[in-house]
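K.L.:
sharing a model that was predicted from the sequence below.
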Amino acid sequence: MTDSDLVDRSLRSPVLRRSFLKSFPTAVRGESVYVCDSDGTRYLDFSGSAAVNFIGHGVAEISTAMAEQAKQLEFAHTSQFTTPVAEEYAQELLDFAGENFRDGAVYFTSGGSESIETALKLARQYQVEIGQAKRYQTLSRVQSYHGSTLGALAVSGNKRRREIYLPMVREFEHVGIPYCYRCNHDCSDGCRNCGQEYAAELERAIDAASGGVAAFLLEPVSGATLGAVVPPPGYLRRIAEVCGERGVLLIADEVMTGMGRTGRNFAVDHWGIAPDILVTAKGLSSGYAPLGAVMVTKKIVDAIAEGSGAFLHGFTYNAHPVSLAGGRAVLRYLQKGKLVQAADSEREGSAASQVRRALEGLRDLDMVGDVRGIGLLWGVELVADKKTKKPFQPPFHFAGKVGQAAAKRGLLVYPMQGSVDGDSGDHLLIAPPAVITKEQIEWSVTELSRAIEEAARQS
Ligand SMILES: Cc1ncc(COP(=O)(O)O)c(C=O)c1O
């Protein structure tokens with residue numbers, strides 16, 4: 001028998017899927033918090049797919065706006081034209097992002113990775129424009145994820161997603177990331193000390209690069225890799241100071257956390273920090289169209305406009321009119337429906353506060369070591385031993401097993417592995433649409449709890 005005889009032919013498809021090791025249901029319809037497959041099974045989307053959907057599935061006014069744009073003008077190349085939808089929507093986004101981005105500008109892309117690539121190049125070009133051509137490095141953090149293109153992988157710290165591609169990328173320093181459930185520093189003062197220790201690590205790394213650092217990139221709240229880890233008090237503020245004092249641009253990767261997901265328009269708003277560049281995607285279009293955005297402050301726009309006069313970058317599909325019409329309709333929909341408020345976990349009675357409370361109840365399970373997060377972005381860390389925080393053995397794929405058991409019950413969560421050291425450590429990411437109801441939350445958490453117990457019985 002050859003290796004190819006061992007491959008289950010039924011798992012083959014003309015689509016090069018993400019995995020040959022499992023079958024995929026065929027999604028055919030979306031409605032509010034549900035995704036339905038061709039067998040008639042309805043799944044409650046408790047993870048917003050991969051923290052993408054924020055406004056709910058199947059909202060007719062978004063598809064109508066896209067169809068109208070497609071009828072009017074489906075495409076125009078950005079080297080030849082701008083479009084009304086691009087101009088209007090960019091201004092609406094800058095207003096949504098607040099004072100820090102007044103008189104700034106937005107570069108539209110087709111998703112998160114393209115936006116990160118754009119941000120890295122913008123930071124470099126900015127430094128060249130202001131006479132700092134020595135600055136080309138982007139520092140970032142271990143246990144982070146910024147995208148799957150090679151540039152974005154180079155600055156990511158997610159071991160599994162990078163490992164085999166590492167010989168192909170040029171890497172710069174990755175500094176430590178606060179992860180207080182398993183912190184390297186003393187967290188006994190409410191994590192004030194550890195935040196400063198991590199910021200000091202960045203300070204040392206910038207200084208060690210002898211003026212070579214152009215930018216520092218971080219997810220304000222850790223996304224998939226660590227599972228919704230909220231930064232300790234004082235950490236982000238100090239990071240912003242360290243960057244500002246050293247002429248290093250601060251890039252906030254809000255691909256996952258932006259557009260209301262954490263209960264503020266952008267996660268940085270929780271801590272009052274003002275990044276030079278802010279990258280967002282996912283919730284920007286809520287999945288209705290491939291869309292990402294890179295927002296830049298006036299300082300950066302001025303440097304290019306008054307310097308060489310041209311940003312040396314471009315994609316055929318950047319600022320695609322149909323995607324922008326979808327994104328603009330999503331922004332209006334979430335504002336009209338007060339969905340950012342619904343995603344505020346500190347607001348009494350909000351969907352997010354109900355999610356927070358319901359998830360906290362999972363701590364009673366032996367396998368749940370930590371529940372953390374903010375807004376509508378939560379992580380549930382699963383452990384083999386709660387007292388010692390010992391993780392499950394990686395080959396057991398505990399989070400994946402929970403994900404499968406949940407899906408069988410009609411519940412979608414986002415399982416991840418590697419939070420402890422890149423290999424071991426299991427967690428689930430929970431990021432439902434902001435339109436989820438109390439009953440749906442209670443049902444989801446009950447089913448999730450059963451799925452965790454079911455997976456544990458297999459261990
Ligand atoms: C924080 C963060 N940055 C960047 C990306 C890459 O975005 P995309 O998958 O849209 O390319 C992701 C995707 O999960 C992400 O979570």
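P.N.:
Here it is on my side, so go on.
K.L.:
residues from this protein in reach of the ligand?
P.N.:
Residues of the chain that fall close to the ligand, judged by CB under 6 Å from any ligand atom: 50, 111-113, 116, 145-148, 219, 223-224, 253, 255-256, 281. In this view, the C-beta of every residue, glycine as well, is placed from N, C-alpha and C.
K.L.:
and if we set it to 8 Å?
P.N.:
Within the chain, the positions adjacent to the ligand are 50-51, 111-116, 144-149, 152, 219, 223-224, 253-257, 279, 281-282, 290, 292 by CB under 8 Å from any ligand atom.
K.L.:
so who does residue 187 touch?
P.N.:
For residue 187, the contacting residues are 180, 193-194, 232, by CB atoms under 8 Å, 6 or more residues apart in numbering.
K.L.:
one more: residue 229?
P.N.:
Residue 229 makes contacts with 177-181, 221-222, 372, 379, as judged by CB under 8 Å, 6+ apart.
K.L.:
of those, which is the nearest to residue 91?
P.N.:
Closest approach between the contacts of residue 229 and residue 91, by CB to CB: residue 221, at 26.9 Å.
K.L.:
the closest one - that's part of a helix, no?
P.N.:
No: in this structure, residue 221 is coil, not part of a helix, as judged by DSSP: H, G, I helix; E, B strand; the rest coil.
K.L.:
I'd say it and residue 268 touch.
P.N.:
No: using CB atoms under 8 Å, residue 221 makes no contact with residue 268, being 9.7 Å away.
K.L.:
domain-wise, how is this structure divided?
P.N.:
Under the assignment automatic domain parsing, the domains of the chain span 3-54+343-458, 62-336.
K.L.:
which residue is the nearest non-sequential neighbour of the residue of the stretch 201-350 of the chain found nearest the ligand?
P.N.:
Taking CB to the nearest ligand atom, the ligand has its nearest neighbour within the stretch 201-350 of the chain at residue 255, 3.5 Å off. Excluding the flanking residues, the one nearest residue 255 by CB to CB, 6 or more residues apart in numbering is residue 112, at 3.7 Å.
K.L.:
so how far is residue 296 from residue 279?
P.N.:
From residue 279 across to residue 296, the span is 10 Å (CB to CB, to the nearest Å).
K.L.:
the more surrounded of the two?
P.N.:
residue 279 (33 against 28; other CB atoms under 10 Å).
K.L.:
what's near enough to touch the more buried one?
P.N.:
With CB under 8 Å, 6+ apart, residue 279 has these contacts: 112, 115-116, 118-119, 251-255, 258, 292-295.
K.L.:
do you have the helices of the stretch 151-300 of the chain handy? List them.
P.N.:
Here the stretch 151-300 of the chain has its helices, by DSSP state H, counting those that start in this stretch, at 159-162, 192-208, 235-245, 298-305.
K.L.:
make CSV from those and add mean neighbour count to it.
P.N.:
Below are the helices of the stretch 151-300 of the chain laid out as CSV (neighbours: other CB atoms under 10 Å):
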stretch, mean neighbour count
helix 159-162, 16
helix 192-208, 18
helix 235-245, 19
helix 298-305, 17
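K.L.:
re earlier: most tightly packed of the domains of the chain?
P.N.:
With neighbours taken as mean count of other CB atoms under 10 Å, those reach their highest mean count in domain 62-336, at a mean of 20.
K.L.:
tell me the pLDDT at the residue nearest to residue 173 when sequence neighbours are not counted?
P.N.:
What sits nearest to residue 173 in space, not counting adjacent residues and going by CB to CB, 6+ apart, is residue 205, at 4.7 Å. At residue 205, the pLDDT value in this model is 98.
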